[in-house]
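Visitor: Provided below for reference: sequence and predicted model.
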Amino acid sequence: MMKVQICIIGGGPSGLMLSQLLHLQGIDTIVLEKYPREHVLGRIRAGVLEHGFAELMREAQCGERMDREGEIHRGFDIAHDGRLDRVDLYKYSGGNSVIVYGQTELTRDLYDARDRLGGKVLHNAEDVALHELMSDAPYVTYRIGDMTDRIDCQFVIGADGFHGISRNSIPSGVLREYEKIYPFGWLGVLSQTKPVSPELIYVKHARGFALCSLRSQVLSRYYIQVPLTDSIEDWPDEAFWAELKCRLPEAVAARLITGPSIEKSIAPLRSYVAEPMRYGRLFLAGDAAHIFPPTGARGLNSAASDIYYLYHAMIAHYKKGDDSELDGYSQKALARIWKAQRFSWWMTMLLHRFPDRVAYEDRLQEAELAYLFSSETAMRLLAENYVGLPF
Ligand SMILES: Cc1cc2nc3c(=O)[nH]c(=O)nc-3n(C[C@H](O)[C@H](O)[C@H](O)COP(=O)(O)OP(=O)(O)OC[C@H]3O[C@@H](n4cnc5c(N)ncnc54)[C@H](O)[C@@H]3O)c2cc1C
C-alpha cells in the first residue's frame, strides 16, 4: 500500500502537467497510466497552443524546447470560393498569437520533466478503480501485471481521457452528460514534407472541409472531412492527396508537396460535456470531462484551463487551508468550457459540409462567412476566441 496526497489517473498532458506543477509546490502526487510511455507518445493529436497553455508549460519548467522549436502564428487563412482570406489574430485579438507545437513533443517534455524531478508515474496500470470518493480518505486500487496494490490519498484527479474510468465513478443520478455527434469525421495524414503554407489554412469547400496544418516547417499535418462510414483502407495516400488538392484553391494546390504518410487516422467529430466536474474527493480534468471537435483547436487548450484552476485550488488548500477554490472548481471550469464549446461548435458549423442540411442552411452558412470577412467586430469575436479566453 502507498500513501500520497493526490492520486492522478491518466498520464496524458493533463495528468502530467498537474503532477509537475504540484511537485514544484512540494505537493506529493502519483500518476497511474494505463499504457506504456511509448504508446502515449505515439499518439498524434493536437498542435495549436494558446498563450495560456504556453505560460503553464513555462511555469511547469517545461517550456524551453517549446519556446525554441515552437512556431508563433499570428494568423491563419480561410479558403472559400476558390480564394484565401486571412484572419489576422494578432491585429484583432489586441496583440495575441498561438504557438504551433505538437502534443507529442509537449507530452515528451512533460515526461522528461517528471523524470528529472523523480516524479512517480506508474505505467501499465490496469483495472484502476476509485473508492470512497465521498469520504475524507479515498483510495485507488490497480493492477500491474500480477501485482495488485492500493494507493491511499486525499484527492483523486480523473485525467484519464474520454475512455477512462474516472467519470464513470460518478453515480448516474449525479452525472449529467451533454453530447452532439457530427455526421462526419476528419481523416488526418502526417507527412515529412514542407507545409503548403507557413500558416494554417481552413478550407470550406462543396466537397467538404479540409485543413492544412503543420507541426514544423518540415512536418505537415493535413485533414479532409470524410463520412463516418469511411475507413483508412478507403484512403490510400494517392487518393488522399488527390481529394485534398480538389478542395484547395488552385494556386495552393499547385504548390502542395505530397509524400508518403507517416501516420494516418480518422477521428469522428464530437462535442461532449460532463457535469459536474467534481464528485466528493474526485476532480475531473481535460478529456475525461469534455470533448471538442478539433475545429478551432480547443481540446488540449481547454484541458489546460482545468489544470490551471485545479493547480491554484490545490495550492490554496495545502498552503492556506482555503477550500473555496476547490468548492468552486466545477462551476468555474465549466463556465470556460461551455464558452469554448460554443466557439468550436460555431467554427465547425461555419466550415463543414453537412449532408443533411437544407439549401436554406447552406445559404446561411455562406452569409455567415461573408459577414465574417466584412465586419471587424465579427473578426474580433473570432480572434478573441481562437487565441483563448482568459483563464
Ligand atoms: C485523434 C485526435 C485528434 C485530436 N486533435 C486535436 C487538435 O488538433 N487540437 C486540439 O486542441 N485537440 C485535439 N485533440 C484533443 C486533445 O488531444 C485532447 O484534448 C488532449 O489529449 C487532452 O489531454 P488529456 O490528458 O486530458 O487526455 P488524454 O490525452 O486522452 O490522456 C488521458 C490518459 O489517460 C490514460 N488512461 C485512459 N484510461 C485509463 C485508465 N483506466 N487508467 C489509467 N489511465 C488511463 C490514457 O492512456 C491517456 O494517456 C485530439 C484528440 C484526438 C483523439
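Guide: That came through fine. Numbering: from 1, shown residues only.
Visitor: Contact partners for residue 268?
Guide: 181-182, 184-185, 228 (Cβ atoms under 8 Å, 6 or more residues apart in numbering). Where you see a C-beta, it was placed from the backbone N, CA and C, and this is true even at glycine.
Visitor: okay, those in TSV with pLDDT next?
Guide: As requested, these are exported to TSV (pLDDT from 0 to 100):
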residue	pLDDT
181	96
182	96
184	97
185	98
228	95
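Visitor: Among these, which one lies nearest to residue 113?
Guide: residue 185 (33.5 Å; Cβ to Cβ).
Visitor: how close does the closest one sit to the ligand?
Guide: 9 Å (Cβ to the nearest ligand atom, to the nearest Å).
Visitor: Quickly run through the sheet partners of the helix or strand hosting that residue, with directions.
Guide: Per DSSP states H and E, residue 185 falls inside strand 176-191. Taking DSSP bridges as the criterion, strand 176-191 sits next to strand 219-226 (antiparallel), strand 261-275 (antiparallel) in its sheet.
Visitor: just the ones you listed: most buried one?
Guide: When the strands paired with strand 176-191 are scored by mean count of other Cβ atoms under 10 Å, the highest mean neighbour count falls to strand 219-226 (a mean of 22).
Visitor: For it, list the C-alpha coordinates in CSV.
Guide: Extracted in CSV, the C-alpha atoms of strand 219-226 (Å, rounded to 0.1, in the frame of the first residue of the first chain):
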residue,chain,number,x,y,z
LEU,A,219,6.4,18.2,-40.9
SER,A,220,2.9,18.7,-42.3
ARG,A,221,-0.5,17.6,-41.0
TYR,A,222,-3.4,17.6,-43.4
TYR,A,223,-7.0,16.7,-42.9
ILE,A,224,-10.1,16.2,-45.0
GLN,A,225,-13.7,15.8,-43.9
VAL,A,226,-14.9,12.2,-44.6
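Visitor: Could you list the buried residues of the next helix or strand after that strand?
Guide: Using DSSP H and E, the next helix or strand after strand 219-226 towards the C-terminus is helix 237-247. By neighbour count with 16 or more other Cβ atoms under 10 Å, helix 237-247 contains the buried residues 240-241, 243-245, 247.
Visitor: Please apply the same query to stretch 116-124.
Guide: Under 16+ other Cβ under 10 Å, the buried positions of stretch 116-124 are 119-123.
Visitor: Ok, stretch 60-71 next?
Guide: 60, 62-63, 66, 70.
Visitor: possible to save those as CSV with secondary structure, pLDDT and distance to residue 294?
Guide: Formatted as CSV, the buried residues of stretch 60-71 follow (DSSP: H, G, I helix; E, B strand; the rest coil; pLDDT from 0 to 100; distance: Cβ to Cβ, whole Å):
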residue, secondary structure, pLDDT, distance to residue 294
60, coil, 97, 24
62, coil, 96, 23
63, coil, 97, 24
66, helix, 97, 20
70, coil, 95, 19
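Visitor: Give me every residue in the chain lying close to the ligand.
Guide: 9-15, 32-35, 40, 45-47, 103, 125, 128, 159-161, 163-165, 265, 267, 286-287, 294, 297-301, 303 (Cβ under 6 Å from any ligand atom).
Visitor: are any of those residues buried, and which?
Guide: For the residues of the chain next to the ligand, buried by 16+ other Cβ under 10 Å: 9-15, 32-35, 40, 45-47, 103, 125, 128, 159-161, 164-165, 265, 286-287, 294, 297-301, 303.
Visitor: Mind checking which of those residues are in strands?
Guide: 9, 32, 128, 265 (DSSP state E).
Visitor: Let me have these in a markdown table, extended by pLDDT.
Guide: A markdown table is the format used below for those (pLDDT from 0 to 100):
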| residue | pLDDT |
| --- | --- |
| 9 | 98 |
| 32 | 98 |
| 128 | 98 |
| 265 | 95 |
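Visitor: can you redo the strands paired with strand 176-191 as a markdown table with distance to residue 147?
Guide: A markdown table is the format used below for the strands paired with strand 176-191 (distance: least, Cβ to Cβ, whole Å):
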| stretch | distance to residue 147 |
| --- | --- |
| strand 219-226 | 40 |
| strand 261-275 | 31 |
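Visitor: and residue 23, which of those strands is closest to it?
Guide: strand 261-275 (27.2 Å).
Visitor: how far out from the middle of the chain is the closest one?
Guide: Here the centre of strand 261-275 is set off from its chain's centre by 10 Å, with Cα atoms, centre = their mean, to the nearest Å.
Visitor: what's the offset of the following helix or strand past it from the middle of its chain?
Guide: For strand 261-275, the following helix or strand on the C-terminal side (DSSP H and E) is strand 278-279. Here strand 278-279 is found 22 Å from its chain centre; the criterion is Cα atoms, centre = their mean.
Visitor: Need the residues that contact strand 278-279.
Guide: 133-134, 169-171, 174-175, 284, 326, 329-330.
Visitor: residues of stretch 189-201 that come out buried?
Guide: Buried residues in stretch 189-201 (16+ other Cβ under 10 Å): 189-191, 193-197, 199-201.
Visitor: Specify which member of these is nearest to residue 347.
Guide: Among those, and counting by Cβ to Cβ, the member closest to residue 347 is residue 200, at 12.2 Å.
Visitor: Please look at that closest one and residue 78 and confirm they touch.
Guide: No. Using Cβ atoms under 8 Å, residue 200 makes no contact with residue 78, being 9.6 Å away.
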